[in-house]
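*Asks:* Below is the sequence, then the predicted model.
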Amino acid sequence: MAEEREDVPSGRRFGDGLAVGPDLEGAAEVAVGQALAALDGATPDLMCVFVAPGPGHTADQAGAAGVRAMELAGAGTAIGATAGGVIGDGRGEENGPAVAVWAATLPGTRIRPYRLEAERSGDGVQVTGLPQLLSDDRVAAMLVDPYSFPVAGFLDRSNAIMPGFPLVGGLAGAAGGPGANRLFVDGEVHSRGGVGVVLGGEVSARVVVSQGCRPIGPPMTVTRADRNVLLELAGTPAYTRLVEIVTALPVAEQELAARGLHLGIAVDEYAEDHVRGDFLIRGVVGADEETGAVAVGDVVEVGQTVRFQVRDAAGAGEDLTELLGGTDDPARGALLFSCNGRGTTMFPDADHDGRTVRDALGAEGVAGFFAAGEIGPVGGRNHLHGFTASVLAFR
């Protein structure tokens, strides 16, 4: 649970809470109480609730826990989602049953909730619900059901119609597949689409997207490619380049590459040097020695700069810490959307990302969930990520 700082600007406070137990509604009550305790009696302007149902819980029970949290908090605006695991109160719980709550007083901030719906229209899909952006809108948070909403296509479209406007959030990931997720917005529960808030007015926030990789080998120019298949790098078959780079690594590094090799695609071809944060990370999904081809999880074009990458706990932790520390203005609170492939799959414990965000930002109210995909901008464009920690930090 967060405690108030003496130097918090007047009226701006953040709190978080997390409770575990088979009674989801009871856990919601405890988590709300923890989060509100840091607000010194003030009613939150914004509250987020994240519910991780356990084995045997139904989606409707998870929905009831979300409703209970929204009722108790009485926030001006409330959003939330179900997930496989949640983050709050300085720790992470990868498996339910658990409920995390984040609450904030944000005087002067305009908070506009929205609900996204996707409907088939002719040969395509029409998305409705995102408010028209105002001149002083700064950022939008979004929580999405991946089974009923075309998030990748929506992000591509958003980059075209509102270039440079950051979207941050995550994909709901409760166990059970299609129909198992629940989304919350202002007392309502939905099983499809997406929900979120647009923040404008007097809001000071920044988005950090930590992709958790470190480079191996040199940056190279793509000289031949076919959509997501690399054929030549710097005039040499892509597979040959890859083998040269991996075999030059120490044995321990070679094992990392064997377990999970990635490719960084430069987001700014005009940068003099491509360093941490300058690459959009995508997985290497296959390689063919005979043809010399390497397939990756995104379209790659001739002329782009790329660099192979590996991911491990030390590199991922360093990346998150470095990116969060890029300012002298400490944060007071933060929402965290951490990949469900991080946690104990990558680190010694499930608390790593939440603890790192709190320590690096100096933030006290930090909560979120382990997402089935993370949303955030890299190189000024919004993307859907994997194995990423996406953070919305309030200064």
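*Replies:* Now that the structure is in, tell me what you want to look at. Since we're looking at a predicted model, the values are computed, not measured. Residues are numbered from 1 along each chain as shown.
*Asks:* per-residue confidence averaged over the strand or helix carrying Ala393?
*Replies:* When secondary structure is defined by DSSP states H and E, Ala393 falls within strand 389-394. Throughout strand 389-394, pLDDT has a mean value of 96.
*Asks:* Can you list the buried residues in that strand?
*Replies:* 389-394 (16 or more other CB atoms under 10 Å). To be clear about C-beta, it is placed using only N, CA and C from the backbone, and glycine gets the same treatment.
*Asks:* Adding distance to Gly292, write those out as CSV.
*Replies:* As requested, those are arranged in CSV below (distance: CB to CB, whole Å):
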residue, distance to Gly292
Ala389, 35
Ser390, 35
Val391, 39
Leu392, 42
Ala393, 44
Phe394, 49
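*Asks:* following the biggest strand by length in the chain, which helix or strand comes up?
*Replies:* If you go by DSSP state E, the chain has its longest strand at strand 109-121. Of the helices and strands lying after strand 109-121 in sequence (DSSP H and E), the nearest is strand 124-128.
*Asks:* What's the mean pLDDT across that next one?
*Replies:* 85.
*Asks:* what lines up beside it in the sheet?
*Replies:* Here strand 124-128 is paired, per DSSP bridges, with strand 109-121 (antiparallel).
*Asks:* which residues of the stretch 101-250 of the chain fall in helices?
*Replies:* Taking DSSP state H, counting those that start in this stretch, the helices of the stretch 101-250 of the chain run over residues 151-161, 238-247.
*Asks:* need the contact list for Phe387.
*Replies:* 211-212, 281, 311, 316, 339, 341-342, 346 (CB atoms under 8 Å, 6 or more residues apart in numbering).
*Asks:* and which of those residues is nearest to Val246?
*Replies:* Arg311 (14.5 Å; CB to CB).
*Asks:* just checking, that closest one touches Ile216?
*Replies:* No. Contact criterion CB atoms under 8 Å: Arg311 and Ile216 do not qualify, at 10.8 Å.
*Asks:* Got the phi and psi for the residue lying closest to Val222 once chain neighbours are set aside?
*Replies:* Once flanking residues are discounted, Val222 sits nearest to Gln304: 4.9 Å by CB to CB, 6 or more residues apart in numbering. Main-chain dihedrals, Gln304, degrees, to the nearest 10: phi -70, psi 150.
*Asks:* how about Gln304, what does it touch?
*Replies:* Gln304 touches 221-222, 265-266, 269, counting by CB under 8 Å, 6+ apart.
*Asks:* how close does it sit to Gly380?
*Replies:* Going from Gln304 to Gly380 by CB to CB, to the nearest Å gives 16 Å.
*Asks:* Check Thr82 too.
*Replies:* Following CB to CB, the distance that separates Thr82 from Gly380 is 31 Å.
*Asks:* Between those two, point out the one with more neighbours.
*Replies:* For Thr82 versus Gly380, neighbours defined as other CB atoms under 10 Å are more numerous around Thr82 (32 against 12).
*Asks:* residue contacts, the residue nearest to that one when sequence neighbours are not counted?
*Replies:* In space, and not counting its chain neighbours, Thr82 is closest to Ala174: 3.9 Å by CB to CB, 6+ apart. In this structure, Ala174 makes contact with 51-53, 59, 62, 82-84, 180-182, judged by CB under 8 Å, 6+ apart.
*Asks:* Just those: which are in strands?
*Replies:* Those of these lying in strands (DSSP E): 51-52, 82.
*Asks:* Any stretches of the stretch 1-150 of the chain with poor pLDDT?
*Replies:* Scanning the stretch 1-150 of the chain for pLDDT under 70 picks out the ranges 1-10.
*Asks:* Distance check, the most far-flung residue of the chain relative to its centre against Arg311.
*Replies:* Distance from the C-alpha centroid of the chain peaks at Glu290, with 37.7 Å (CA atoms, centre = their mean). Going from Glu290 to Arg311 by CB to CB gives 28 Å.
*Asks:* Give the burial count for His383, as a bare number.
*Replies:* When neighbours are counted by other CB under 10 Å, His383 comes out with 24.
*Asks:* In which helix or strand does it reside?
*Replies:* Residue-wise, His383 maps onto strand 381-385 under DSSP H and E.
*Asks:* How about Gly235, nearest residue that isn't a chain neighbour?
*Replies:* Ranked by CB to CB, 6+ apart and with sequence neighbours excluded, the top spatial neighbour of Gly235 is Thr223, at 5.3 Å.
*Asks:* The one you found contacts Val300, doesn't it?
*Replies:* No. The criterion here is CB under 8 Å, and Thr223 misses it with Val300 at 11.2 Å.
*Asks:* which one of these two has more residues nearby?
*Replies:* Val300 (23 against 15).
*Asks:* isn't there a strand covering that one?
*Replies:* No. Counting by DSSP: H, G, I helix; E, B strand; the rest coil, Val300 is not found in a strand; it is coil.
*Asks:* Phi, psi for it please.
*Replies:* According to degrees, to the nearest 10, Val300 has phi -120, psi 130.
*Asks:* Quick check: it touching Ala225?
*Replies:* Yes. Using CB under 8 Å, Val300 makes contact with Ala225 at a distance of 5.0 Å.
*Asks:* re the thing from before, the residue nearest to Gly235 and Ile111, how far apart?
*Replies:* 49 Å.
*Asks:* What of Ala37?
*Replies:* 22 Å.
*Asks:* likewise Val294?
*Replies:* For Val294 relative to Ile111 (CB to CB), the value is 45 Å.
*Asks:* Same drill for these two, tell me which one is more crowded.
*Replies:* More crowded of Val294 and Ile111, by other CB under 10 Å: Val294, with 27 against 18.
*Asks:* how about low-confidence regions in the stretch 201-350 of the chain?
*Replies:* Ranges of the stretch 201-350 of the chain meeting pLDDT under 70: 269-277, 326-329.
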